[in-house]
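# Below are the sequence and a predicted model; questions follow.
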Protein chains: 2
Amino acid sequence: MPAPRLPRHGCVDRPKVNDCDSCGARALSICGSVADSDLARLGDLAEVVKLAAGAVLTREGEPAPYVFNVTTGSLRVYKLLPDGRRQIIGFLFAGDFLGLAIGEFYVFSAEAMEPTTVCRFRKGPFRALVESSSPLEHMLLHRTSHELAAAQNQMLLLGRKTAIERLASFLLDLPGHDPARPTVPGHVRLPMKRGEIADYLGLTIETVSRVLTRMKANGIISMPSQSDLIVERPDLLRAHAGGEI
Amino acid sequence: MPAPRLPRHGCVDRPKVNDCDSCGARALSICGSVADSDLARLGDLAEVVKLAAGAVLTREGEPAPYVFNVTTGSLRVYKLLPDGRRQIIGFLFAGDFLGLAIGEFYVFSAEAMEPTTVCRFRKGPFRALVESSSPLEHMLLHRTSHELAAAQNQMLLLGRKTAIERLASFLLDLPGHDPARPTVPGHVRLPMKRGEIADYLGLTIETVSRVLTRMKANGIISMPSQSDLIVERPDLLRAHAGGEI
DNA sequence: CCGGCGGGTTGAGCCAGATCAAGGCCAACT
DNA sequence: AGTTGGCCTTGATCTGGCTCAACCCGCCGG
């Protein structure tokens, strides 16, 4: 039997001073908002971590020395109940920031959904830099409040929407989230598996599957492959999503 | 038939320069983190609004000129679906801040649950002040990330917990939230009605009622009155809450 | 003292979505 | 080509919580 070899924390590149200038995610991320002088300091703090698909970045309950910035790929971020029930609280893509709300311990787990690279920063020095750089702090506040608004929408979804409404809302929201893949309108990539969609929407795998087949049957969507979806009738999809008031 | 006379926005006291020094909520709120010079500017911006029980502070979808800070009383903040289903996204108490995540329009409605006073600020000048006051911005970021963490816990609750677990978690969380009423340990005041608890926990009134009677029958809680609750067996309550991993 | 009204509780039955179980599809190995 | 394993789909059945409908209780006004 081969030894298990899931990388525990991924491998770390260590040319301590990083080339933020050439980072593809810079424009998307908090790094885009700092002046050159601060960018150099940020680069000094950063360690590039490469994650294989499925690799663990943080585990809920463990000490939390780092905060992260996703540069390529994608992460699933989730919480667990003692008996294993899982709620995915978000999918992160290039440019997304992870770790603000943490105290001494991580309050969520994060894993790569595909080959992924992140910049990680020691919390202490990062906080110090933030406090000394107003534009950086401003950017973080801006992003955090948007994340909060998104979380509140998700509460509405989880607390009050039906299965069909959840899937419809999900499919309408997804495209905006993966800047690395600006797709043709109507085309939605599903980098996550059915089980992840289910755990994000508070449903089961079977229900997700059934709802998607029903949508196919109704001509609302079509699926060239299991992870590629085309919205054939955006109007119907929007109608099903029962959007805001 | 008497004319309806629910105050639409409550009444506004206008001694334009407010006495923040004597404000009971100052220590609890963002105002506690600003230097005296900035506090004066904050006071100039503030308008005190008094709300009767049930009065509307903001309505989802309407233009959003203000942000708010609760000084006394409590608010329910919620989102609606077109057919009237409601998700309460939070209860606010003295010291809590409302309105960061808003763009041009409110994305939630807020109503007083009891006689309540809030300070309101025009968004533009408030933002300007925030950008010029690093401690204020820092405080806002701190609070917003905590709110985000709370929202993520609520997602876990709404997506994956059973009715009993939801109520148990709720009863354990509540006491921490109303600083104006530091109660004896084990005693929980329920300033909200059953329907509001239900809409906060993604349940129905009937289920909330049934679960509470079941808890009474099991000796976990007792209820001297409909809005006063005593946790008789915190251990059992915690066991039912199925806390974090 | 009565009636109405706004909560809250309780019961009976139902249903959306969970659970349990069986296959199907496809890519990676042997 | 056959086998294995991961993922997805589909069907049959079950059930937690919802819906519908009484009913209760305390409060207020007449």
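Okay, I see it. Quick caveat: nothing in here was measured; it's all calculated off a predicted structure.
# Residues in a beta bridge with the most centrally placed residue in chain A, which ones?
For chain A, A:Leu92 is the residue whose C-alpha lies nearest the centre (C-alpha atoms, centre = their mean; 1.3 Å). On the basis of DSSP bridges, A:Leu92 is bridged to A:Leu75.
# try the one 5 residues further on
Under DSSP bridges, the beta-bridge partners of A:Phe97 are A:Asn69.
# Can you get me a residue count around it?
The number of residues packed near A:Phe97 is 20, by other C-beta atoms under 10 Å in any protein chain shown. Bear in mind the C-beta positions are built from the backbone N, C-alpha and C, glycine included.
# quick one: it from A:Gln154, how far?
Distance of A:Phe97 to A:Gln154, given as C-beta to C-beta, to the nearest Å: 18 Å.
# And for A:Leu229?
In terms of C-beta to C-beta, A:Leu229 sits 20 Å off from A:Gln154.
# Those two: who's more crowded?
A:Gln154 (27 against 21).
# Spell out which residues of chain A are next to DNA strand D.
For chain A, the contact set with DNA strand D under C-beta under 7 Å from any atom of the strand comprises A:193-195, A:205-206, A:208-210, A:212-213, A:223, A:226-227.
# residue contacts, A:Gly219?
Neighbour list for A:Gly219: A:232-233 [criterion: C-beta atoms under 8 Å, 6 or more residues apart in numbering or on different chains].
# what's the distance between it and chain B?
Going from A:Gly219 to chain B by C-beta to the nearest C-beta, to the nearest Å gives 23 Å.
# what helix or strand is that residue on?
Using DSSP states H and E, A:Gly219 sits within no helix or strand.
# so what are the domain limits for chain A?
Taking automatic domain parsing as the criterion, chain A consists of the domains A:11-134, A:161-241.
# so which of the ones you listed gets nearest DNA strand C?
domain A:161-241 (3.2 Å; C-beta to the nearest atom of the strand).
# And for the closest residue to A:Leu28 other than its chain neighbours, the neighbour number?
Excluding its sequence neighbours, the residue lying closest to A:Leu28 (C-beta to C-beta, 6 or more residues apart in numbering or on different chains) is A:Gly95, at 2.7 Å. Residue neighbour count, defined by other C-beta under 10 Å, stands at 23 for A:Gly95.
# Check the gap between A:Gly95 and A:Met139 for me.
From A:Gly95 to A:Met139 the distance is 11 Å (C-beta to C-beta).
# could you dump the domains of chain A to JSON lines with distance to DNA strand C and mean pLDDT?
Listed next are these as JSON lines, based on distance: least, C-beta to the nearest atom of the strand, whole Å; pLDDT from 0 to 100:
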{"stretch": "domain A:11-134", "distance to DNA strand C": "8", "mean pLDDT": "88"}
{"stretch": "domain A:161-241", "distance to DNA strand C": "3", "mean pLDDT": "92"}
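# is any part of the strand or helix carrying A:Lys216 close to chain B?
Following DSSP H and E, the helix or strand that holds A:Lys216 is helix A:205-217. No. If you take C-beta under 8 Å from any C-beta of the partner chain as the test, helix A:205-217 misses chain B, and the best it gets is 12.8 Å.
# what element comes up after that helix heading to the C-terminus?
strand A:221-225.
# who does that next one touch, helix- and strand-wise?
helix A:205-217, strand A:228-231 (3 or more C-beta pairs under 8 Å, 6 or more residues apart in numbering or on different chains; DSSP states H and E).
# now it, how far from the chain's geometric center?
Chain-centre distance of strand A:221-225: 23 Å, with C-alpha atoms, centre = their mean, to the nearest Å.
# tell me the strands in chain A, going along the chain?
All strands of chain A, identified by DSSP state E, fall at A:11-13, A:47-51, A:56-58, A:66-72, A:74-80, A:86-93, A:97-98, A:109-112, A:116-122, A:187-189, A:221-225, A:228-231.
# Distance to B:His240 added to the ones you listed, as a markdown table?
Shown next, in a markdown table, are the strands of chain A (distance: least, C-beta to C-beta, whole Å):
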| stretch | distance to B:His240 |
| --- | --- |
| strand A:11-13 | 42 |
| strand A:47-51 | 37 |
| strand A:56-58 | 28 |
| strand A:66-72 | 34 |
| strand A:74-80 | 17 |
| strand A:86-93 | 18 |
| strand A:97-98 | 31 |
| strand A:109-112 | 24 |
| strand A:116-122 | 37 |
| strand A:187-189 | 40 |
| strand A:221-225 | 40 |
| strand A:228-231 | 40 |
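# how about those, which one is nearest A:Asp178?
When those are compared by C-beta to C-beta, strand A:86-93 sits nearest A:Asp178, at 4.5 Å.
# quick revisit: right, and the domains of chain A - which one's nearest B:Thr116?
Of all the domains of chain A, domain A:11-134 comes closest under C-beta to C-beta, at 27.6 Å.
# for stretch A:81-89, how far is the first residue from the last?
Stretch A:81-89 stretches 13 Å from its first residue to its last (C-alpha to C-alpha, to the nearest Å).
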